[in-house]
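quick one: sequence plus predicted model below, questions after.
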Amino acid sequence: QVQVVESGGGLVQLGGSLRVSCTAAASISAINVMSWYRQAPGDLRDLVAAIDSNGGTNYADSVKGRFTISRGNSKNTVYLQMNSLKPEDTAVYYCEVQEFISGGWRPYWGPGTQVTVSS
């Protein structure tokens with residue numbers, strides 16, 4: 001059963017914009033933090049942006065001022081609006097959803113969506 005699904009990736013030119021979306025299954029009931037990570041070939045998976053249940057946000061320095069993370073009207077949806085895209089933003093973008101459980105939290109990951117920025 002797929003718990004988290006990303007969508008909205010694609011090919012965009014330098015300076016363009018894309019919005020990627022992530023939806024968590026309704027069975028994930030007590031969501032804490034929803035985050036976007038990205039991983040380029042040969043690189044580690046790095047945090048891009050995160051938003052907590054109170055709307056607090058955190059961004060990687062490399063995307064501050066260009067990317068915006070937001071929660072949808074459905075508490076199980078998160079978006080990443082990406083503006084002024086650069087070739088170095090090319091990566092697979094993954095959504096992570098943290099669910100509160102007794103004693104801590106449990107992560108769920110989506111399969112990822114490819115974002116390619118051409119120069």
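That came in fine, so what should we check first?

after the strand ranked longest in the chain comes which helix or strand?
In terms of residue count, the longest strand belonging to the chain (DSSP state E) is strand 91-101. Next helix or strand after strand 91-101 toward the C-terminus (DSSP states H and E): strand 104-109.

what about the spatially most central residue of the chain, which SS state?
Nearest to the mean C-alpha position of the chain, by C-alpha atoms, centre = their mean, lies residue 36 at 2.4 Å. When classified by DSSP: H, G, I helix; E, B strand; the rest coil, residue 36 comes out as strand.

distance of residue 79 relative to residue 30?
21 Å (C-beta to C-beta, to the nearest Å). No exception for glycine: its C-beta is placed from N, CA and C like everyone else's.

ok, those two, which is more surrounded?
Neighbours per residue (other C-beta atoms under 10 Å) separate residue 79 from residue 30, with residue 79 holding more: 18 against 12.

what pairs with the more buried one across the strands?
Note on residue 79: beta-bridge partners by DSSP bridges are residue 21, residue 70.

residue contacts, it?
19-22, 69-72 (C-beta atoms under 8 Å, 6 or more residues apart in numbering).

any chance of those residues in CSV, plus pLDDT?
Compiled in CSV, the contacts of residue 79 are given as follows (pLDDT from 0 to 100):
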residue, pLDDT
19, 98
20, 98
21, 98
22, 97
69, 98
70, 97
71, 94
72, 90
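
closest one of those to residue 5?
Ranked by distance to residue 5 (C-beta to C-beta), the contacts of residue 79 are led by residue 22 at 7.1 Å.

can you verify residue 15 is assigned to a strand?
No - per three-state DSSP, residue 15 lies outside any strand segment and is coil.

that one contacts residue 85, correct?
Yes - here residue 15 lies in contact with residue 85, judged by C-beta atoms under 8 Å, at a distance of 6.7 Å.
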